[in-house]
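Colleague: Got a predicted structure here, sequence first:
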Amino acid sequence: MIFTLTFSSEEVENFRMVFEADSDSTFLDLHKAILSATGYPDDQMTSFFMCNDRWEKEQEVTLVEMGSSFEYDNMVMEQTHLDELLHDKGQRLIYIFDPMFERYFFGRLTEMKAGHVAGIVCKQKQGKAPKQLQTESEMEALNPKRGADIGLDDDFYGDSQYDEGDLDVDGFQDLSFEDGSMF
């Protein structure tokens, strides 16, 4: 079976990549094809997530083996073939390319047809991929209200008002962890 997978980004207008993949290819093959098409280095802990119709993450496919959740099995890119998780035209997935700020490409299985191709080929690329890694100040510039939406500011923990002299050391003398009375 030949899969056509289309990826885009909400960060960059008119950016799109279309891949033709043999259904027996692995998610690692797809990962490498995406890196090749974007010019990103292979030095990040990227992941794929299968998504429902509302783009909510479901099954994760990781670059390296990690602990699994109680809800989904641990799946690794090198060992997971595309046809194990992709079954229906229109199916959604995301590819996290910047794990620090969880930035990703939106992907869809746009076509399924009989036949075979060798591995995965980028059939079309439009526009320029977003920069792979962003600094915190670059992310702030993209979305200046990022922390303000939930009331965060630079003095979130009150650290500018902390004075060691305010700590009542005598009040902690009765606490003993040795006798197990705390638990």
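Modeller: Ah, there it is.
Colleague: use CA for all of it now, contacts and neighbours both
Modeller: Fine.
Colleague: Quick check: Arg103 vs Glu11, distance?
Modeller: From Arg103 across to Glu11, the span is 9 Å (CA to CA, to the nearest Å).
Colleague: Tell me which of these two has more neighbours.
Modeller: Applying other CA atoms under 10 Å to Arg103 and Glu11 shows that Arg103 carries more neighbours, namely 19 against 14.
Colleague: show me the contacts for the residue nearest to that one when sequence neighbours are not counted.
Modeller: Distances taken as CA to CA, 6 or more residues apart in numbering put Ile96 closest to Arg103, at 5.7 Å, once the chain neighbours are dropped. Contacts were defined as CA atoms under 8 Å, 6 or more residues apart in numbering; by that measure Ile96 touches 46-48, 102-105.
Colleague: who does Ile96 bridge with?
Modeller: Beta-bridge partners recorded for Ile96 (DSSP bridges): Ser47, Tyr104.
Colleague: what do you get for Thr6?
Modeller: Val18, Arg108.
Colleague: Burial check on it, number of neighbours?
Modeller: Thr6 - counted by other CA under 10 Å - has 24 other residues nearby.
Colleague: List the contacts of it.
Modeller: Neighbours of Thr6 in contact, by CA under 8 Å, 6+ apart: 16-19, 107-110.
Colleague: Of those - the most surrounded one?
Modeller: Gly107 (25 neighbours).
Colleague: The closest residue in space to Met17 that isn't next to it in sequence in helix, strand or coil?
Modeller: Using CA to CA, 6+ apart and skipping residues adjacent in sequence, the residue nearest Met17 is Lys125, 4.5 Å away. Of the three states, Lys125 takes strand under DSSP: H, G, I helix; E, B strand; the rest coil.
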